[in-house]
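Visitor: After the sequence you'll find the predicted model.
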Amino acid sequence: MKKNIIKYQFSLKSQDELDKLTHAELLKYVKELQNNSIQEKPPKNSNNSSISPSSEIVNPNKKKNQSLREKSDKKVGGQKGRVGTTLKQTDTPDKIVAVEFNITKCKKCGVDISSVVASLQERRQVVDMELSSIQKKITEYQSFSKECPSCGYNNHDNSFAASVTPNISYGVNIIAMVSYLSVSQYMSNKRVASLLSNLFNITISEGSITNMLAKASNNSQSEIQKIKKLLEISKILGIDETGCKVDGARYWHWTFQDTKNTLIVADKSRGAKVITQTFTNGFKDSCVVHDNFSSYSKLNAKSEQLCLAHKLRDLNYAIDCDSTKLAKDIKSLLKEAMIDHKESLTLNQRENLKEQYDKTLQHLLSMPTIDKSETHKQINSLKKAKNKIFTFLLDENIPPDNNASERAIRNIKVKQKVSGQFKSLDGAKNYANIRSIIDTSRKRGLNEFESLQQVIMGILSFRYLD
């Protein structure tokens, strides 16, 4: 609930002063008191706004769990039917070490058993890494020439592979390893250089690491274009964006993703032009799921779905401020729709269900509210987005929230917490391109390190998947 506080400019009268006032003067004082009182709103947190839990100030009075997720009836731990994994022995070990048999006499009767042939009793295996075999390997490529016996022209055949540059350069595996450690494992250039030096005896500068990331990013362009085309024709697409620091300035990383593809884009702008420049044809066949930020107000899409997780947090704040039954009823309506969405229904049933929810929401939105209250603000917001609230009910594959996009963009925050800011926009774009390859590979069940190797060699191909 809001708390009333008095503006400091207003002078409060003492008890003696109030006793001396006439009835008219007292009424005037009360009116002035009302005009000078303001309502203090409750603080925002991760439960009633988009503030991240990690950025909240520790509050000893805060409830331990304020998640929007409902309590499940499942027991804690692994669920029934879950297939576990365990470390298993192999029938083809790389090396066998026989434990020396040192017993010469029977431990029970004392008879000499030194001439008895030993039989296998127990097998134990240890899984480890042979680091000595993982070390730098320098390959020299030699080209040759032939002098023409007639004119003396020196014919030099220098048909080197594109990856073999003049003098000396780093190979595919090192570039892939650097890209993997920097982007997938969030390591800083300094730590990547330290790891390569300590484990593989490869001396490399931080500047060279930056150049390698740029090369991997440049070689990924054909695959990035394929991801864009696949997302452009996707039936269900999620969009989100998050801030990032580039040389001390505020920039943005965007994510566009579906179940099989992820594209991350770095840009100085948070405006709609990023979407139109990245996807010039729009999303004419897509239902786009987003958080209703102003940049998405003019999307060229078949349909849209507002992230209800964001809206539920906004309603929580309205309830904290006003505690109105209207805000609570709307919150309950949204949560009930999310539960019904999980039911197995026919298309006709889903259309009828959506129609019922639309009518109920319209009735609630027509209820009177107090001007400028938080509930009034949320009612106006829902009225503007009423065609985007229950789109998810029409298709079991459309999510009612944008959690998948938030997960896809969260890696930017992790990268900055571990490695710090990006030094340039080019560096942020290189990270975005490589991360797009990694996340798309993960979604398709591919080995992300192998995908990086193939991208650098120019042989990876993200194909259309059903």
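Guide: Yep, it's here.
Visitor: Q121: how many residues sit nearby?
Guide: Neighbourhood size, Q121 [other Cβ atoms under 10 Å]: 7. For the C-beta atoms, the positions are set from N, CA and C on the backbone; glycine is no exception.
Visitor: Could you report the pLDDT at it?
Guide: On pLDDT, Q121 comes in at 89.
Visitor: so it, which of the three states?
Guide: Put simply, Q121 is coil when judged by DSSP: H, G, I helix; E, B strand; the rest coil.
Visitor: Tell me how far it lies from V178.
Guide: Note on Q121: its distance to V178, by Cβ to Cβ, to the nearest Å, is 47 Å.
Visitor: Centre of the chain to the strand ranked longest in the chain, how far?
Guide: For the chain, the strand with the greatest residue count under DSSP state E is strand 236-246. With Cα atoms, centre = their mean, to the nearest Å as the basis, strand 236-246 stands 9 Å off its chain's centre.
Visitor: what does stretch 241-253 give?
Guide: Using Cα atoms, centre = their mean, the offset of stretch 241-253 from its chain centre is 15 Å.
Visitor: Can you point out the buried residues in that stretch?
Guide: E241, T242, C244, V246, Y251, W252, H253 (16 or more other Cβ atoms under 10 Å).
Visitor: got TSV for the residues you listed, with pLDDT too?
Guide: Below are the buried residues of stretch 241-253 laid out as TSV (pLDDT from 0 to 100):
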residue	pLDDT
E241	95
T242	94
C244	93
V246	94
Y251	96
W252	96
H253	96
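Visitor: okay, among those residues, which ones form the most distant pair?
Guide: Among those, the pair separated by the greatest distance (Cβ to Cβ) is E241 and V246, at 14.3 Å.
Visitor: sorry, back to before: name the helices or strands packed onto the longest strand of the chain?
Guide: strand 249-257, strand 283-290, helix 403-419, helix 425-443 (3 or more Cβ pairs under 8 Å, 6 or more residues apart in numbering; DSSP states H and E).
Visitor: buried stuff in stretch 353-370?
Guide: By 16+ other Cβ under 10 Å, the buried positions in stretch 353-370 come out as L353, K354, Y357, T360, L361, L364, L365, T369.
Visitor: Going by distance to A216, which of those wins?
Guide: K354 (45.4 Å).
Visitor: Can you tell me how far the closest one is from I389?
Guide: 9 Å.
Visitor: Ok, S220 next?
Guide: 38 Å.
Visitor: Check C148 too.
Guide: In terms of Cβ to Cβ, C148 sits 79 Å off from I389.
Visitor: likewise V418?
Guide: 38 Å.
Visitor: quick one: which of those two has more around it?
Guide: Of the pair V418 and I389, I389 is the one with more neighbours under other Cβ under 10 Å, namely 23 against 12.
Visitor: ok, now which ones touch that one?
Guide: L306, L308, K311, L334, Y357, D358, L361, L382 (Cβ atoms under 8 Å, 6 or more residues apart in numbering).
Visitor: now R123
Guide: R123 neighbours (Cβ under 8 Å, 6+ apart): Q89.
Visitor: hmm, try it at 10 Å
Guide: By Cβ atoms under 10 Å, 6 or more residues apart in numbering, the contact list for R123 reads Q89, D91, P93, I96.
Visitor: Give me the spatial nearest neighbour of the first one, chain neighbours excluded.
Guide: To tie it back to what came earlier, the one meant is Q89. Leaving aside its sequence neighbours, Q89 sits nearest to Q125 (Cβ to Cβ, 6 or more residues apart in numbering; 5.0 Å).
Visitor: And for the third one?
Guide: Ranked by Cβ to Cβ, 6+ apart and with sequence neighbours excluded, the top spatial neighbour of P93 is Q125, at 6.2 Å.
Visitor: how many neighbours does the one you found have?
Guide: Quick note: Q125 (other Cβ under 10 Å) scores 10 neighbours.
Visitor: Quick check: it is in a strand.
Guide: No: according to three-state DSSP, Q125 belongs to no strand; its state is coil.
Visitor: residues contacting it?
Guide: Counted by Cβ under 10 Å, 6+ apart, Q125 has contacts L87, K88, Q89, T90, P93, I96.
Visitor: closest to L12 among those residues?
Guide: Out of the contacts of Q125, the member with the shortest distance to L12 (by Cβ to Cβ) is L87, at 73.2 Å.
Visitor: Check the gap between the closest one and G81 for me.
Guide: Counting by Cβ to Cβ, the gap from L87 to G81 is 22 Å.
Visitor: Take stretch 334-345 and give me the span from its first residue to its final residue.
Guide: 18 Å (Cα to Cα, to the nearest Å).
Visitor: now it: mean pLDDT?
Guide: Computed over stretch 334-345, the average pLDDT equals 94.
Visitor: who's in contact with it?
Guide: Residues from elsewhere that reach stretch 334-345, judged by Cβ under 10 Å, 6+ apart: 68, 70, 306, 308-309, 311-312, 315, 349-354, 356-357, 360-361, 382, 389-390, 392-396, 398-401.
Visitor: starting at the chain centroid, how far to that stretch?
Guide: 25 Å.
Visitor: buried sites along that stretch?
Guide: Going by 16+ other Cβ under 10 Å, stretch 334-345 has these buried residues: L334, K335, A337, M338, D340, H341.
Visitor: Secondary structure and distance to D426 added to those residues, as TSV?
Guide: Output for these, formatted as TSV (DSSP: H, G, I helix; E, B strand; the rest coil; distance: Cβ to Cβ, whole Å):
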residue	secondary structure	distance to D426
L334	helix	42
K335	helix	45
A337	helix	44
M338	helix	42
D340	helix	48
H341	coil	43
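Visitor: can these go into JSON lines with extra columns for distance to I168?
Guide: Listed next are these as JSON lines, based on distance: Cβ to Cβ, whole Å:
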{"residue": "L334", "distance to I168": "62"}
{"residue": "K335", "distance to I168": "62"}
{"residue": "A337", "distance to I168": "63"}
{"residue": "M338", "distance to I168": "59"}
{"residue": "D340", "distance to I168": "64"}
{"residue": "H341", "distance to I168": "59"}
